[in-house]
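Trainee: below are the sequence and a predicted model for it; my questions follow.
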Amino acid sequence: MNTFTYKNTAINYSDSGKGNTVLLIHGFLEDSSMWNDLTEHLDKRYRVISVDLLGHGKSDCYGYVHTMEDQADMLFALISELRLRKVSLIGHSMGGYIALAFAELYPDNVRSLILLNSSAQPDSDERKINRDRAIDVVKKNSNAFIRMATQNLFDTEAHNLFPDKIKSFTQQALKTPLQGIIASLEGMKIRIDREALLHFSPYPKLIIASENDTIIPLGDIKNQVAGAEVTFEIIPGGHVSTIEQEPEIATIITSFLKKNG
């Protein structure tokens, strides 16, 4: 693993392979290790960079609110330090929100965009209220919040098929610092609508949605991609498709990147 400093904040990232660059952006309560399996598929053909976001994994917290723009600026600082021009962005869940922020702020640096179990829409009023409730719970008992939140990410069948991987996922999530959890919840709550990027941006786009995703409902994604120039794939399972559908995810993403990456 490597470290660089962003505004006096230590950021952890991995860097492997050669070729066009793929930048992997994990989601809330996750870290860069969630991409280990996919990286093995990609770094034979591409340069693959995976980052611990602000307040996650081994990266430090930057502030009390980590907006999607803050995270995107950090990622841009990293690729600038590495002297990279264009990258293919792959974002899971909150990572997709950040990928969209990056694409809006730095469009000239985007080769292609892949959203995995993510959305271009902002939080609804109800979701914002739930974010505030989550923050209250986190302040009282962050471990209880994390255990409840991670269990809800997976399809029922996944708990039977992948108990060890889900246990490992939860254990990693439990390492997320309190400040990092709250800063991300605050940041997601105030993110803006970027659905227009799905319709009017010039680079190739892929959205992968899961049939039983309770965090990002399939119906919402279908509405967002209607009429947009987006490759749209629907897969079985729940929210963490990198665990529940890893082989299929790898096949879809590598096929897309061969044409557009």
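Mentor: Everything's here; your move. Numbers count the residues shown, from 1 in each chain.
Trainee: helices and strands around the lowest-mean-pLDDT helix or strand in the chain, which ones?
Mentor: Least confident helix or strand, the chain: helix 156-161 with a mean of 91, by mean pLDDT, DSSP states H and E. On a contact count with 3 or more Cβ pairs under 8 Å, 6 or more residues apart in numbering; DSSP states H and E, helix 156-161 meets helix 241-244. (C-beta placed from N, C-alpha, C; glycine too.)
Trainee: rewinding a little: following the least confident helix or strand of the chain, which helix or strand comes up?
Mentor: helix 163-173 (DSSP states H and E).
Trainee: now do that next one: distance to the chain's middle.
Mentor: Computed by Cα atoms, centre = their mean, to the nearest Å, the chain-centroid distance of helix 163-173 equals 17 Å.
Trainee: pull the CA atoms of that helix into PDB?
Mentor: Provided in PDB are the C-alpha atoms of helix 163-173 (Å, rounded to 0.1, in the frame of the first residue of the first chain):
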ATOM      1  CA  PRO A 163     -21.200 -16.000   6.000                       C
ATOM      2  CA  ASP A 164     -17.400 -15.700   6.200                       C
ATOM      3  CA  LYS A 165     -17.200 -12.900   3.700                       C
ATOM      4  CA  ILE A 166     -20.000 -11.000   5.400                       C
ATOM      5  CA  LYS A 167     -18.400 -11.400   8.700                       C
ATOM      6  CA  SER A 168     -15.100 -10.100   7.300                       C
ATOM      7  CA  PHE A 169     -17.000  -7.200   5.700                       C
ATOM      8  CA  THR A 170     -18.600  -6.300   9.000                       C
ATOM      9  CA  GLN A 171     -15.300  -6.600  10.900                       C
ATOM     10  CA  GLN A 172     -13.700  -4.200   8.500                       C
ATOM     11  CA  ALA A 173     -16.600  -1.800   8.800                       C
END
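Trainee: need the residues that contact whatever helix or strand comes next after that helix.
Mentor: Using DSSP H and E, the helix or strand that follows helix 163-173 in sequence is helix 178-189. With Cβ atoms under 8 Å, 6 or more residues apart in numbering as the test, helix 178-189 has contacts from 28-29, 53-56, 61-68, 70-71, 94, 97, 123, 127-128, 131-132, 134-135, 138-139, 142, 145-146.
Trainee: if anything else comes up later, I'll come back, but that's it for now.
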